[in-house]
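# okay, sequence plus prediction incoming.
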Amino acid sequence: MWITSSQLRSGTDILGGEPGLPAGINLLPNSLGASAMVRPHPSPEALQQTENRGSMKLHWRVGQQGRKKKIYPILLPRETRTRRALLICNTEFEYLSQREGAEVDVKEMTKLLEGLGYRVDFHENLTSQEMDVVMKDFAGHKDHLTSDSTFLVFMSHGRRTGLCGTKSRDETTDILSLDTIYENFNNKHCKALIGKPKVVIIQSCRGDNSGAVLVSDSAISKMPALSSDSTNAVKQQCRELRLIHLESDFATLYSSTPDTISWRSPVTGSIFIQRLVEQFRSHAFNSDLQELFRKVQRSFEDFPKQLPTQERTTMLRKFYLFPGH
């Protein structure tokens, strides 16, 4: 509040209009100019409210910092980041049947990845050795240095032991072991992606079984007990060592459980890719990656012959494909 020097000389109560200044009013020195500021002493209640507001702001900042530590960072602005995705699809084989409808999966998956801001490196009809070479080249790409994540998508015939190359004829010939994927992109061989999400999507059969079983709704399965091998000594050792995990920040969604079939239509493509694309398009704007994976899995509740499964997931934080979450 501001008052004039004539009002000060007359001693008029600015607040109430009565002569004399009320208790609790301090006047600034006249040397500050023709007018002065009246500053009331804050009441205890006002001081408490100020302290509460300051405390709330501090807690909010701490909460925001804690939340950021639980979420993988996204590089912004979008124009400066160089996200890349690898897509390998085998459709023609020397000894196995052609994967009709796979071209639909490639088209839909490419559109999805490009919509998420990834430049897609597409390769098709490769042997297991050629797939390994392509992965090594992709892992060494300089664009990963200015990227915040990557997608690795594989579509092929499959066995329990891995993915079929184009010259595969059984479980032992021309098979790409899944370990090869993780080895090529682990923190030893792909340093540009250390601490960044590496999302693995695999569309392939893993056996010849249906994946469905008849059960009674009254049956209740017994859950196994969980145990932990952690000890204080181990925790202390981990704190003292300045190492990083060899294999971290992976999230893998397989189209089916081990030993079971992944279903595909020659017209509309695989059910897994269809439903994955649907869930990502509907929910990627506000759901983290592993919640998206669960939504894909839940979408198979009406199709008991197949159930996607999350495997070898080593994500240390939540991964949102869009910033602001």
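Here it is on my side, so go on.
# okay, now the unreliable bits of the chain?
Low-confidence segments of the chain, defined by pLDDT under 70: 1-68, 210-242, 323-325.
# let's see 80
In the predicted model of the chain, residues 1-69, 208-243, 323-325 satisfy pLDDT under 80.
# mind listing the helices for it?
In chain order, the chain shows helices spanning 5-10, 44-69, 102-115, 128-139, 178-184, 232-240, 271-283, 289-298, with DSSP state H as the criterion.
# just the CA atoms of the fourth one, as PDB, please.
In other words, helix 128-139. Output of helix 128-139 as PDB, limited to C-alpha atoms (Å, rounded to 0.1, in the frame of the first residue of the first chain):
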ATOM      1  CA  SER A 128      20.900 -66.500 -39.200                       C
ATOM      2  CA  GLN A 129      24.500 -65.400 -40.000                       C
ATOM      3  CA  GLU A 130      23.200 -62.500 -42.100                       C
ATOM      4  CA  MET A 131      20.800 -61.500 -39.300                       C
ATOM      5  CA  ASP A 132      23.800 -61.400 -36.900                       C
ATOM      6  CA  VAL A 133      25.800 -59.200 -39.300                       C
ATOM      7  CA  VAL A 134      22.900 -56.800 -39.700                       C
ATOM      8  CA  MET A 135      22.400 -56.500 -36.000                       C
ATOM      9  CA  LYS A 136      26.100 -55.800 -35.400                       C
ATOM     10  CA  ASP A 137      26.100 -53.100 -38.100                       C
ATOM     11  CA  PHE A 138      22.900 -51.600 -36.500                       C
ATOM     12  CA  ALA A 139      24.400 -51.700 -33.000                       C
END
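# mind listing what's buried along it?
Across helix 128-139, burial judged by 16 or more other C-beta atoms under 10 Å covers 128, 130, 131, 132, 134, 135, 138, 139. Where C-beta positions appear, they are placed from N, C-alpha and C, glycine not excepted.
# quick one: residue 277 and residue 110 touch, right?
No: using C-beta atoms under 8 Å, residue 277 makes no contact with residue 110, being 10.3 Å away.
# what is the burial count for residue 286?
11 (other C-beta atoms under 10 Å).
# and it, how far from residue 318?
Taking C-beta to C-beta, to the nearest Å as the measure, residue 286 falls 12 Å from residue 318.
# likewise for residue 79?
25 Å.
# ok, residue 301 next?
24 Å.
# quick one: which of the two has more around it?
Under the criterion of other C-beta under 10 Å, the comparison of residue 301 against residue 318 puts residue 318 first, with 16 against 8.
# was I right to think that one contacts residue 72?
Yes: taking C-beta under 8 Å as the contact criterion, residue 318 and residue 72 are neighbours in contact, 7.0 Å apart.
# how does this protein divide into domains?
Per automatic domain parsing, the structural domains of the chain span 1-40, 74-208+247-311.
# tell me where the stretch 201-325 of the chain has strands.
Remark: strands of the stretch 201-325 of the chain, listed N- to C-terminal, are 250-254, 264-265, 269-270, 309-311; assignment by DSSP state E, counting those that start in this stretch.
# what's the longest one packed up against?
Yep, that's strand 250-254 we're talking about. Where contact means 3 or more C-beta pairs under 8 Å, 6 or more residues apart in numbering; DSSP states H and E, strand 250-254 is packed against strand 198-203, helix 289-298, strand 309-311.
# TSV for the ones you listed, including distance to residue 176 and mean neighbour count?
Shown next, in TSV, are those (distance: least, C-beta to C-beta, whole Å; neighbours: other C-beta atoms under 10 Å):
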stretch	distance to residue 176	mean neighbour count
strand 198-203	10	24
helix 289-298	22	18
strand 309-311	16	15
